[in-house]
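> here is my input, please return the structure:
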Amino acid sequence: MEDFRRTYLRLCKESGLEPHESVLNQLHDVRAAGDSTRLDLATQSLSVDTCAVLGRVLSNDVLFTEVVLSDCMLSEEGVKLLLHGLCSNTTVKVLDLKGNNMRAVGSEALGKLLRQNKSIRRLTLEWNALGMWGEAFSIFCEGLGSNEALKQLDLRNNQINHQGAGELAMALKRNTTLQELDLRWNNIGLLGGRALLESLQQNRMLLQLEMAGNNVPSDTLKAVEQSIDHNSDRKSTLKESRSKTQVLSKEIQSLREEKGKQFLNMMETIDKQREDLGRSSRMSAVRVGQLQEALNERKSAVNSLKAKLQMTEAALALSEQKSHDLGELLSRVKLEKSELKERQSREMNKEQEEAVIREGKLIRELHISTEKTLHLKSKVDELERRCKAQQDHIFDLKQELTNSTAELKLRLAQAEERLEAEKKRSKQTLDDAENLRQKEVDHLNRHREESERSLQDRVQKLEGIRIQLEEELSRVRALSVTERAQAEEELVKVRNQVRLEEQQRVSHLEEKLRLLTQSRDESQIHCTQQKQTVSELQAKNNHLALEMEGLKRRIEELQQELGGKEQEKVAEVNKVRVELQEQIGHLQAERATQGGLKEKIAALEREMKVQTSNHREALLDKESEIASLLEKLRLKDGEIMRTREDEAQRANFLQKAILTYVQGSPLGSYSPKK
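Alright, predicted model coming up:
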């Protein structure tokens, strides 16, 4: 349990995923329960990443035998990843995927699971939608047909139509292990029921098939029940025959054990006699063995010393080779260092050139920006000049307006004087003069008001233009300041980056040189130590060679003593041979008795074969009777259909005759038209 939890947490960490709280709680409950092997994640919302991690954990799990994932509403990708992990699992026996709304991808993944997994015995797929997708459901049925482990399958409420039932029937013809199949509350219909009934003629292992709520006629349901009952009867007869064969095999095994015990007793007596003979030979062989062991020990010591000497020579050669290799490595490193320096110098030159180019670009951009600012300043000056000119123009217009008002006032005064003179001169022309004067005054007032209005409009327009120009000037100044600051920051960043890269490369090369010098010093020390050990081993080898010559002389003396003892042994062996021949005669008589027992066993086996053949013939007779009954049922169905068709034809003929009679009679003229 703890291993499962650790692997789950580790894989979550590797994939950057937070562990699911419900999974951790379930693992905690299982650990608290002790011997529980059931992983229950029902009604938990599991994401695609969580399903992927669970699939990877369950692929190598050896703890859980039951996995419950009912009503989790898993996504198509999540179901695919989870079932992919269960393909290589060897301990899960029960899998519950009820109420997950699995569709095309889920049914394809289930087909792959049934093809590859060899441990699942019960599979619950209630309340899904596997039958809606024809091609995917055919893949699921192919996997079911090739499966050799599943015994119980629940496919309730999966929207399976008559085509899906046909695919299931093809799978049942090939399947040899499924015992229970639940297809309630689907839409199999008449054609699907007939296809399943035909598959049951070949499938002899299915013992339970539920088909309620599928719009299947009652006669096909009864035929399916009869074939299921026939399968169950066949299985019960097979069980009885197997039990009888087991009893007979046990009796035969007991007889074999008794005869084996007798034979073992005989062999024990022979072994005891052989042991008595072997003791005498062992006593003489022990001494020879002791001497041989001493000699072997000496030889082994010499061989070990030789091996050590060879090993030290090999080690010395290796150390020399290593020192040579290290020298080559040093030369290579020096060459690499020089090449790296050259590369670095080239890269530095390139980077400096690039930096110079960048600085030139930035300087050009600065010049351009300064030119832009100068241009904008010139524009601003021009705009200010225009503003001043317009202000001067406004001032001139105001002066003109004051002058015109003064002139008008003078004219009014002159007109009044003229009027007064004319009043004095003549009273008759007074009325005419007054009318003329009033007309001129009105005309002048109108002209003055219109000129004042036009001048005020022009003043307002010029003030709006001046405000817009001031706003544009402030914007241009802010843009020039920001562009200049950005260019300066980029220059500083580029210079700092170049300095850091140079410092890192130099430190890396210095570290490599230091490690190579250390390895060279260690190899030299190891070479000196190996040379000292070689000189010590050569001295020991000379000493052992002298001891070997003395041992060879001792062995030659012992071989002469062994020659005399071997002649005595030959005489004793001849006596033992005569006694063994007598015992062999007794054993042959016992073998003859055992042959009689074997004949009895063969007769019993023949009787068993006869009984099994009788059982098979009875089963075949029953199957033939069932086939004949089915044929009779089909013939009766055909007769019923024919009679129905005949009755329908007769009814049609009668109806037509009645209609013709009614139309031909005088009542037909009074009948209302349809």
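
> correct me, but Tyr112 touches Phe140?
One correction, residue 112 is Lys, not Tyr. No - the pair Lys112 and Phe140 does not pass the contact test of C-beta atoms under 8 Å, sitting 9.2 Å apart. Where you see a C-beta, it was placed from the backbone N, CA and C, and this is true even at glycine.

> looking at these two, which one has more neighbours?
Remark: of Lys112 and Phe140, Phe140 carries more neighbours, 28 against 19, as counted by other C-beta atoms under 10 Å.

> could you say which helix or strand holds the more buried one?
Applying DSSP states H and E as the criterion places Phe140 in helix 134-146.

> helices or strands up against that helix?
Helix 134-146 sits against helix 104-116, helix 162-174, with contacts defined as 3 or more C-beta pairs under 8 Å, 6 or more residues apart in numbering; DSSP states H and E.

> chain center to it, what's the gap?
Mean-position distance between helix 134-146 and its chain equals 22 Å (C-alpha atoms, centre = their mean, to the nearest Å).

> how about stretch 461-474?
In terms of C-alpha atoms, centre = their mean, the centre of stretch 461-474 is set 67 Å apart from its chain centre.

> same question for stretch 361-369.
The answer for stretch 361-369 is 55 Å, by C-alpha atoms, centre = their mean.

> how about it as PDB, C-alpha atoms only?
This file holds the C-alpha atoms of stretch 361-369, laid out as PDB (Å, rounded to 0.1, in the frame of the first residue of the first chain):
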ATOM      1  CA  LYS A 361      23.200  51.400 -35.100                       C
ATOM      2  CA  LEU A 362      22.200  52.900 -31.700                       C
ATOM      3  CA  ILE A 363      24.300  56.100 -32.500                       C
ATOM      4  CA  ARG A 364      22.600  56.300 -35.800                       C
ATOM      5  CA  GLU A 365      19.200  55.900 -34.200                       C
ATOM      6  CA  LEU A 366      20.200  58.600 -31.700                       C
ATOM      7  CA  HIS A 367      21.200  60.900 -34.500                       C
ATOM      8  CA  ILE A 368      18.000  60.100 -36.300                       C
ATOM      9  CA  SER A 369      16.000  60.700 -33.100                       C
END
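
> so Thr91, which of the three states?
Three-state call for Thr91 (DSSP: H, G, I helix; E, B strand; the rest coil): coil.

> that older thread, can I get the helices and strands packed on helix 134-146 in TSV with mean pLDDT and distance to Glu582?
Formatted as TSV, these follow (pLDDT from 0 to 100; distance: least, C-beta to C-beta, whole Å):
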stretch	mean pLDDT	distance to Glu582
helix 104-116	93	65
helix 162-174	94	65
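
> what pLDDT does the residue of the chain most remote from its centre get?
Ranked by distance from the centre of the chain (C-alpha atoms, centre = their mean), the top residue is Arg425, with 124.6 Å. On the pLDDT scale, Arg425 is placed at 77.

> kindly calculate the angle that the helix holding Phe140 makes with helix 162-174.
20 degrees (axes from the mean of the first three to the mean of the last three C-alpha atoms, to 10 degrees).

> test my guess that Leu340 contacts Val506.
No - counting by C-beta under 8 Å, Leu340 stays clear of Val506, with 10.1 Å between them.

> okay, these two: which has more neighbours?
Neighbours were counted for Leu340 and for Val506 using other C-beta under 10 Å; Leu340 has more, 16 against 12.

> need the nearest residue in space to that one, chain neighbours excluded.
Leu509 (6.3 Å; C-beta to C-beta, 6 or more residues apart in numbering).

> ok, now Ala165?
For Ala165, ignoring the flanking residues on the chain, the nearest one in space by C-beta to C-beta, 6+ apart is Gly192 at 2.8 Å.

> starting at the chain centroid, how far to the host helix or strand of Leu340?
Per DSSP H and E: Leu340 is located in helix 218-425. Here helix 218-425 is found 17 Å from its chain centre; the criterion is C-alpha atoms, centre = their mean.
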